[in-house]
Each structure stands twice: as structure tokens, then as C-alpha cells.
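Chemist: Predicted structure and sequence below. I'll ask about it afterward.
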2 protein chains.
Amino acid sequence: MSLRYALLALLSVEPMTGYDLYKEFESSVGHVWHAPDSQIYPELRRMEKDGLLEGEEVVWGQRGKKRQYHITEAGTAAFRDWMNGTLEYSRVRDPAHLKAAYLEWAEPEAAREQMRAHIRHHTAQLEQWREKVREIEQGTSPMLTRRLATLPASEHSKTTAFKKFTYQGLIARAEQEIAWAQQGLALIDELYPAG
Amino acid sequence: MSLRYALLALLSVEPMTGYDLYKEFESSVGHVWHAPDSQIYPELRRMEKDGLLEGEEVVWGQRGKKRQYHITEAGTAAFRDWMNGTLEYSRVRDPAHLKAAYLEWAEPEAAREQMRAHIRHHTAQLEQWREKVREIEQGTSPMLTRRLATLPASEHSKTTAFKKFTYQGLIARAEQEIAWAQQGLALIDELYPAG
DNA sequence: GAACACTAACTATGGACATAGTTAGTTGGA
DNA sequence: TCCAACTAACTATGTCCATAGTTAGTGTTC
């Protein structure tokens, strides 16, 4: 259900095609929410059917065309309602922690490699999120810049602050995961003193 | 795919029925991995077809019967292979952070309530995981006790250490989430000084 | 003007997961 | 003895999501 609101969030800035949205999910917004194009196109059609969006054929070159969607009033209202409601949290389901609980089954070196992979994964994410925070602070985030251009100056600080707050939370989480995996490496060394 | 390995992890202790496994997912192991029974029963049949398990009819009362599954050698090998391999990490998809990024759309009080819900959710998890660590330390975890009984004494410390390590990681994560949401509450107060 | 990368949109398949049922037997207490 | 709660297992539906294609037009470059 969240994909729908991620799409509404983007379309609240400006009209976009499915392909535009797909590219956003591959880059900028993709660092908070990801979706493949095979999920985006049908969802856009469903949203149009539900009255949240309106699509319009736009010419592209000589013979080409593309479908550009813009958010409707009902779409804006639905997004606002989602924001004013409370999220339901789903049950834990984390493969990395499931695996960690049974690492005694792995060879010591495989266990270490799993911890290193955990560190690599979260380090890569960390760098992307830190870059995002830098962009927000320096006003060089293209999407945020376009968003701010649609809003009165009085809204700018809030809009910016929540984006930065979000990325900082993700950064803190990644740092915690890295610290945990480092403790894991230390634990493995302790449990398998030979090597 | 992880459900399969969560089931193998449990069945490596002793034979169980689908219902036994379902109950484990509702309580003990459910604090690391959750699955509904409607997912467990078909997965067990698929695993039997793949030769990882063998099911056997067991009488239950006068007319009742139940199907008890035990892990095969191929099942043990598959679990060990999974443990020795490296996990693939999936892309970010976190509704709470997606929502946090656009909290300027919410009423201040709704934004606060979202942060409070985040704190409530992670506090509840925290308590369950802390209780798990206590059980592990005091040797009162039923599942772990039964597992240790199947293993030579030399394996006990490793088996226990990785379970504790896992829960400690989940605890640290939950604590981080709570701290983040508290920063969120402070930020909302700052951005909406009136109320 | 052919090749190539990109834009644009869609389809097909299968697994994962949530939610909501159904059917039938067992066990223990009022 | 009956009822409620529990044990046991299964089905059905729909969404979500990953993976892997397909088709067709555009724009640039060698």
C-alpha cells in the first residue's frame, strides 16, 4: 500500500510519466523506497481508476507518445489522510538476524564473511544517505529544489527538516547495524580462537 | 525463501507438526521471524517434495491424526549450505521512514502521534527481546534448552552466544528507533512552536 | 545510415505474505 | 454431558514484489 503514497509524494511536486517515476525510484527517492517499473505501471493505472491521478497523452518526438500523470484533488486528499493516520507496523522478518541466530552452523570463515557482508551493505547505504543529507543541506537536491519551488517560503524549513530527519534516522540505523556486525566479528574470534 | 530456513532451524531440534511450528512462530521464534499458518503448511509440503523433510502420520487421541515432520540429511545439508552462503540484501522499503520524510503534510498532532506510535511499537518489541535475553542468560528458554540437549557440551557456548548476540542486535536497533522518534517529537515542537 | 544507448510502457511468472475463512477432532471444566 | 477452548490442517483471495522478458520509438555518434 505504501507504493501508492510514495508515488503520490512524488507527483505532488509535478506531473510525471511512469518512466520518470521509475527513474526516481532507481536514484533519489530509491534511497528511501524502491519499486521496479513492473510494479509502478499497473499501480499508476489502478490509481487513475481510483481517481487519485489523471493521465494524459503527451507527444514525444515525431511518432512517439508518453502518458503523463498528474495528481487530482482526491489524490492530494488521500495523501494527506495517509499522513494524518497512523501506520500499522508489520511483524519482524529479518533474514540477517534469523541467520545470525544460528551462526554456530556455519564455518567460522563463512560466519565472518556474513558479518562483513552486513557491514558492506550498510556502509554502502550509509554513504548514499550521507550524500543525501549533504545535498539537502547545500540545497543541491534536484527533487527537493523543485518541491520547494512549489511551496511558499514559510513551508521551506519544515519540508527540508523532515527530509533531513528521515535520512538521519536511516544513517543512525545503518551505523548501529555496522557496530552490531563488528561485535559479531569479535564474538566469532572469541568463540573460535584457533582461526 | 527465509521461511524455509527458519523452519529447518526449528526442525533441527526435534520433529514437529505444522501446528507446533505455527505456535513457535506465534511466540518464541516469532520474535525474530513471523509466518502465518497459511504459509507454513504449504511450505512444509513443498519442503517434503524437495526432500528436505519427511512427514509421518501420528495418531492423536481416538480418531485424530497429525502429520509430524522430521528433517532429512538433505535438509540438514541445505540448512548448512544456507548458513555457509552469503545473504542477499533487499532494497530499502520502510513505510515509517517514507512517511517521516513528508510529515510536513500532517497536522502537528498527527505527526506527534506517528512518532509516539513508533516509540510504542519499538518499546513493545524491546521488552520482548529483553525478556528473551533474560531467558537465554538464565537457561529458561524452552526451545534453547531442548536444542542444547541434542548437542555436545562443547557446542553449548557457541549456540547460546549467537542467540544472545542476535537479540542484542535487535534490542540496539529498537533503542535507536526510539531515540530517533524522540528526536522527531522534539523537531515537531521546534517547527510548530504554537502547539 | 547503422549501431547503440536510452526512453517509454507493458507482460508473464512465481513466490511471499496478509487476511479470512472452513472442517474436524480433542480435552478439560461447569 | 455438554460446551468452550484448543489442536490440527487446509483453502481462497488478493496484494506485493522480484525477475525476466517484449515491443517500439528517440537521439546521438561513429
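Modeler: Sure thing, it's come through.
Chemist: A:Gly85 against B:Ala111, yeah?
Modeler: No - checked against Cβ atoms under 8 Å, the pair A:Gly85 and B:Ala111 is beyond contact range at 11.4 Å. In this view, the C-beta of every residue, glycine as well, is placed from N, C-alpha and C.
Chemist: more crowded one of these two?
Modeler: Legend: neighbour count by other Cβ atoms under 10 Å in any protein chain shown for A:Gly85 and B:Ala111, higher for B:Ala111 (25 against 13).
Chemist: I'd like to know how far the more buried one sits from DNA strand D.
Modeler: Distance of B:Ala111 to DNA strand D, given as Cβ to the nearest atom of the strand, to the nearest Å: 23 Å.
Chemist: what's the answer for A:Tyr5, then?
Modeler: Plainly put, A:Tyr5 is 10 Å away from DNA strand D if you go by Cβ to the nearest atom of the strand.
Chemist: and the end-to-end length of stretch A:65-81?
Modeler: End-to-end span of stretch A:65-81 (Cα to Cα, to the nearest Å): 33 Å.
Chemist: Next, the buried residues of that stretch.
Modeler: A:68-69, A:71-72, A:75, A:78-80 (16 or more other Cβ atoms under 10 Å in any protein chain shown).
Chemist: Among the residues you listed, which are located in helices?
Modeler: Those of these mapping onto helices are A:75, A:78-80, per DSSP state H.
Chemist: any idea which of these is closest to chain B?
Modeler: Lowest distance from chain B to those (Cβ to the nearest Cβ) belongs to A:Arg80, with 5.7 Å.
Chemist: Name the nearest residue to the closest one, ignoring sequence neighbours.
Modeler: B:Trp105 (5.7 Å; Cβ to Cβ, 6 or more residues apart in numbering or on different chains).
Chemist: Let me know whether the one you found touches A:Asp81 as I believe.
Modeler: No - the criterion here is Cβ under 8 Å, and B:Trp105 misses it with A:Asp81 at 9.9 Å.
Chemist: quick one: common contacting residues for these two?
Modeler: Counting by Cβ atoms under 8 Å, 6 or more residues apart in numbering or on different chains, B:Trp105 and A:Asp81 have no contacts in common.
Chemist: which residues touch the residue most central in space within chain A?
Modeler: Note on chain A: the residue nearest the mean C-alpha position is A:Val32, at 1.6 Å, using Cα atoms, centre = their mean. Counting by Cβ under 8 Å, 6+ apart, A:Val32 touches A:166-167, A:170, B:92, B:94, B:97-98, B:101.
Chemist: Also A:Glu137?
Modeler: Contacts for A:Glu137 (Cβ under 8 Å, 6+ apart) come out as A:Lys164.
Chemist: try 6 Å this time
Modeler: With contacts defined as Cβ atoms under 6 Å, 6 or more residues apart in numbering or on different chains, A:Glu137 has no neighbours.
Chemist: And it, which helix or strand is it part of?
Modeler: Applying DSSP states H and E as the criterion places A:Glu137 in helix A:108-138.
Chemist: quick check: mean pLDDT across that helix?
Modeler: Per-residue pLDDT over helix A:108-138 has a mean of 96.
Chemist: Can you report phi and psi for A:His34?
Modeler: Main-chain torsions, A:His34, degrees, to the nearest 10: phi -120, psi 140.
Chemist: How about A:Arg93?
Modeler: According to degrees, to the nearest 10, A:Arg93 has phi -160, psi 90.
Chemist: List the contacts of it.
Modeler: Taking Cβ under 6 Å, 6+ apart, we find A:Arg93 in contact with B:33-34.
Chemist: ok, now with 8 Å
Modeler: Counting by Cβ under 8 Å, 6+ apart, A:Arg93 has contacts B:2, B:33-34.
Chemist: Over to A:Gly18?
Modeler: Applying Cβ under 8 Å, 6+ apart to A:Gly18 gives the contacts A:37, A:40-41, A:44, A:67, A:69.
Chemist: hmm, try it at 6 Å
Modeler: Residues counted as contacts of A:Gly18 (Cβ under 6 Å, 6+ apart) are A:40-41, A:44.
Chemist: which of the residues you listed count as buried?
Modeler: A:40-41, A:44.
Chemist: of all the ones in helices among the buried residues of stretch A:65-81, which comes closest to A:Gln62?
Modeler: A:Gly75 (32.2 Å; Cβ to Cβ).
Chemist: That closest one: what's it in contact with?
Modeler: Counted by Cβ under 6 Å, 6+ apart, A:Gly75 has contacts A:8, A:52-53.
Chemist: tell me what the longest helix anywhere in chain A is packed against?
Modeler: With secondary structure taken from DSSP H, chain A has its longest helix at helix A:153-191. If you count contacts as 3 or more Cβ pairs under 6 Å, 6 or more residues apart in numbering or on different chains; DSSP states H and E, helix A:153-191 packs onto helix A:108-138, helix B:153-191.
Chemist: Now do it: distance to the chain's middle.
Modeler: Distance, stretch centre to chain centre, for helix A:153-191: 14 Å (Cα atoms, centre = their mean, to the nearest Å).
Chemist: Between helix A:108-138 and that helix, find me the angle.
Modeler: On the basis of axes from the mean of the first three to the mean of the last three Cα atoms, to 10 degrees, helix A:153-191 is oriented at 160 degrees to helix A:108-138.
Chemist: which residues of chain A score low on pLDDT?
Modeler: The model of chain A has pLDDT under 70 over residues A:195.
Chemist: In the record's domain split, what are the boundaries for it?
Modeler: A:2-84, A:95-191 (automatic domain parsing).
Chemist: Quick check: closest non-adjacent residue to A:Tyr41.
Modeler: What sits nearest to A:Tyr41 in space, not counting adjacent residues and going by Cβ to Cβ, 6+ apart, is A:Gly18, at 4.9 Å.
Chemist: how much space between that neighbour and A:Leu8?
Modeler: A:Gly18 sits 14 Å away from A:Leu8, going by Cβ to Cβ, to the nearest Å.
Chemist: How about A:Ala124?
Modeler: Separation of A:Ala124 from A:Leu8 (Cβ to Cβ) stands at 28 Å.
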